[in-house]
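[1] what follows is a predicted protein model with its sequence.
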Number of protein chains: 2
Amino acid sequence: MAKTRWLSAPEQRAWRAYLEATTLLFDALDRQLQRDSGMPHAYYEILVRLSEADNRSLRMSELADVTRSSRSRLSHAVARLEERGWLKRVDCPTDKRGQIATLTDAGFAALEEAAPGHVETVRRFLIDRLTPEQVAQLEQIGSVVIAGLETPECVKVRAEDAVPAPAPA
Amino acid sequence: MAKTRWLSAPEQRAWRAYLEATTLLFDALDRQLQRDSGMPHAYYEILVRLSEADNRSLRMSELADVTRSSRSRLSHAVARLEERGWLKRVDCPTDKRGQIATLTDAGFAALEEAAPGHVETVRRFLIDRLTPEQVAQLEQIGSVVIAGLETPECVKVRAEDAVPAPAPA
DNA sequence: GCAGTTGAGTTGAGCTCTCAACTACTTACC
DNA sequence: GGTAAGTAGTTGAGAGCTCAACTCAACTGC
């Protein structure tokens, strides 16, 4: 294995600031949603994505893709959400292996109830603290990272092996 | 309650890009560490912070602060790490309520073993994808968010109430 | 038309994290 | 110096997540 390329001082500072900020922020968001709406953030995301889809419905695998969730995590989560009556699952007519998750009216109502407090928290702890330039920078940085992690090659790596391959320059 | 200030289009894009990138990245980091070193990222952070401290030791509450962890989470985590022999706890001589966590040689060795693969992954999926300007921007953004979440007022809010108070402008 | 393989989704065990309750000690105040 | 309030840390129950194993359906090639 090649000699480790440790992080430089500026890189280290950036990584730690990002890590700490994100830890604090995500914890705060999860706590707010859990307390005020009785759901973790991951569940909120599922409701949001379903609410935006045609017929408020998505195949499980599409839902997993857009929420950046593993199949297993989604399967567990959807089971819980179905127990609460916030969505229901029906068989896919064109592919008998498939399941389609549909947001119920109760689920939509729960989302409408939860959204204002959540958005307020996102604003308060993130967006409203940044300049418009920083908002744009954050989008740019996020996009680059997403691109790096969703190529077929990296999806594979993510799933099974992160050994330093001849990384794309 | 005041009318909700929804996110503008650029704000929404930035928030979602950040959220998705972070979800993917943190999942990838956790998976790499779990697979190659048998520990979650939170445990790695604990080992890192102890290794940097004087005498490789910190009070539980200081360790909780620097790792941005709740007391409870840290207490559970330290108990697991102690079972593995990676650290040990001793009573604090000056405050009988206190406990001091100390990294053992085995813990230090585990960290040395884990670090290269972890740093490689951070580089590969984050740092090496960014320009030096973006690295600096990320540090700036992170610092602003941390500052907003660690003021006494917000610590309190985080802990008990995120209702839209007359937020600092 | 029938193996073998791939894809969709689920399940259960094990682990981490959260929340709330609790013990034990310390500090402040009178 | 004794009580009240605050601080340090732990604990247990409950919930969500990960990993690996599994079922069932759809392709693929012959």
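    Arrived safely, thanks for sending.
[2] could you give me the average pLDDT of stretch A:54-72?
    When pLDDT is averaged along stretch A:54-72, the result is 97.
[3] other SSEs contacting whichever strand or helix holds A:Gly142?
    Here A:Gly142, judged by DSSP states H and E, is contained in helix A:132-150. Packing partners of helix A:132-150 (3 or more CB pairs under 8 Å, 6 or more residues apart in numbering or on different chains; DSSP states H and E): helix A:152-160, helix B:9-37, helix B:105-125, helix B:132-150. All C-beta atoms are positioned from the backbone trio N, CA, C, and that covers glycine.
[4] can you put those in a markdown table and add distance to B:Asp91?
    Formatted as a markdown table, these follow (distance: least, CB to CB, whole Å):
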| stretch | distance to B:Asp91 |
| --- | --- |
| helix A:152-160 | 43 |
| helix B:9-37 | 30 |
| helix B:105-125 | 19 |
| helix B:132-150 | 29 |
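[5] how about the residues of chain A near DNA strand C?
    A:27, A:30-31, A:34-35, A:59-61, A:64, A:71-72, A:74-76, A:78-79, A:89, A:92, A:95, A:97-99 (CB under 7 Å from any atom of the strand).
[6] and those, which of them are buried?
    Buried positions within those, assessed by neighbour count (16 or more other CB atoms under 10 Å in any protein chain shown), are A:27, A:31, A:59-60, A:64, A:74, A:78.
[7] from the residues you listed, which land in helices?
    In helices, defined here by DSSP state H, the members of those are A:27, A:31, A:60, A:64, A:74, A:78.
[8] of those residues, list those near chain B.
    Intersecting these with the surroundings of chain B, defined as CB under 8 Å from any CB of the partner chain, gives A:27, A:31.
[9] and the ones in helices among the buried ones among the residues of chain A next to DNA strand C, which is closest to DNA strand D?
    A:Leu74 (8.1 Å; CB to the nearest atom of the strand).
[10] any idea how far A:Leu25 is from that closest one?
    In this structure, A:Leu74 and A:Leu25 are 23 Å apart, going by CB to CB, to the nearest Å.
[11] please work out how many residues are found near A:Pro10.
    Burial of A:Pro10 is recorded as 14 neighbouring residues (other CB atoms under 10 Å in any protein chain shown).
[12] so it makes contact with B:Val135?
    Yes: taking CB atoms under 8 Å as the contact criterion, A:Pro10 and B:Val135 are neighbours in contact, 5.9 Å apart.
[13] quick one: the residue of chain A found nearest DNA strand C from chain B, how far?
    When you check chain A against DNA strand C by CB to the nearest atom of the strand, the closest residue turns out to be A:Ser61, at 2.8 Å. From A:Ser61 over to chain B the distance is 17 Å, taken as CB to the nearest CB, to the nearest Å.
[14] right, and that residue touches A:Arg71 too?
    Yes: with contact taken as CB under 8 Å, A:Ser61 and A:Arg71 are classed as touching, separated by 7.2 Å.
[15] quick one: low-confidence residue ranges for chain A.
    Flagging of chain A using pLDDT under 70 yields the residue ranges A:1, A:151-169.
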